[in-house]
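J.: 3D model of this:
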Amino acid sequence: MRTKGTKIIIVCSGNTCRSPMAEALLAKALKQESCALEVVGAGLFSSGQGADEKAILAMEKIGIDLHGYKSKKLTQDAVNEAAMVLCMTKEQLDSFRKLFDNVPGHCYLLREFLGSEDRDIKDPFGCDLETYINVRNSISEAIPSIVNFLKEELNDN
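T.: Numbers count the residues shown, from 1 in each chain. Below you'll find the model as predicted:
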């Protein structure tokens, strides 16, 4: 397993709800820390769609624009460039490890560093706006712990 790379990949199912929100939130936090790693979202099963409308609305409420976002399917080339992979659920993390070769040594759940029992971030697809806001907040809660991990363990900032 590798530990070097230039990107942090945030993985969910379709790359239209959770991972676009997480990508934007983590990228903003890393920019504030002057971290050189690029954050990208990708889906295990993606089709080039835009971000979900309710994800866009949930992020607009905190001043982040997801208009123009296009989902991307996770590829082996992207994995080869990854310093870290963050998945939304244990099931996705397990699938990721089975589907791809040469995975980075740093593969975790997005909420893994919080020390909480509640580590999975459920898919809000098809739910109401309040559910999307709750998912956004769950992601936001995890961002500082990821930034701290990157500072301490990857030392890439």
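
J.: neighbours around residue 64, how many?
T.: The number of residues packed near residue 64 is 16, by other C-beta atoms under 10 Å. Yep, even glycine has a C-beta here, placed from its N, CA and C like the rest.

J.: Find the nearest non-adjacent residue to residue 59, please.
T.: Setting aside the residues directly before and after it, residue 59 is nearest to residue 66 in space (C-beta to C-beta, 6 or more residues apart in numbering), at 5.1 Å.

J.: quick one: stretch 51-66 to chain centroid distance?
T.: In terms of C-alpha atoms, centre = their mean, to the nearest Å, the centre of stretch 51-66 is found 15 Å from the chain centre.

J.: Not counting that stretch itself, show me its contacts.
T.: Stretch 51-66 is contacted by residues 16-18, 20-21, 24-25, 28, 67, 69, 71, 124-125, 127-129, 132-133, 135-136 when judged by C-beta atoms under 8 Å, 6 or more residues apart in numbering.

J.: Check the residues you listed for burial and list the buried ones.
T.: 16-18, 20-21, 24-25, 69, 71, 124-125, 132-133, 135-136 (16 or more other C-beta atoms under 10 Å).

J.: coming back round to it: look up how far residue 136 lies from the residue nearest to residue 59.
T.: Residue 66 sits at a distance of 11 Å from residue 136 (criterion: C-beta to C-beta, to the nearest Å).

J.: hey, what's in contact with both of the two?
T.: Overlap of the contact sets of residue 66 and residue 136 (by C-beta under 8 Å, 6+ apart) consists of 21, 55, 59.

J.: Just those residues: which are in helices?
T.: In this view, these that belong to helices under DSSP state H are 21, 55, 59.

J.: Now pLDDT and distance to residue 35 too, for those, in CSV please.
T.: As requested, these are arranged in CSV below (pLDDT from 0 to 100; distance: C-beta to C-beta, whole Å):
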residue, pLDDT, distance to residue 35
21, 98, 19
55, 98, 24
59, 98, 21
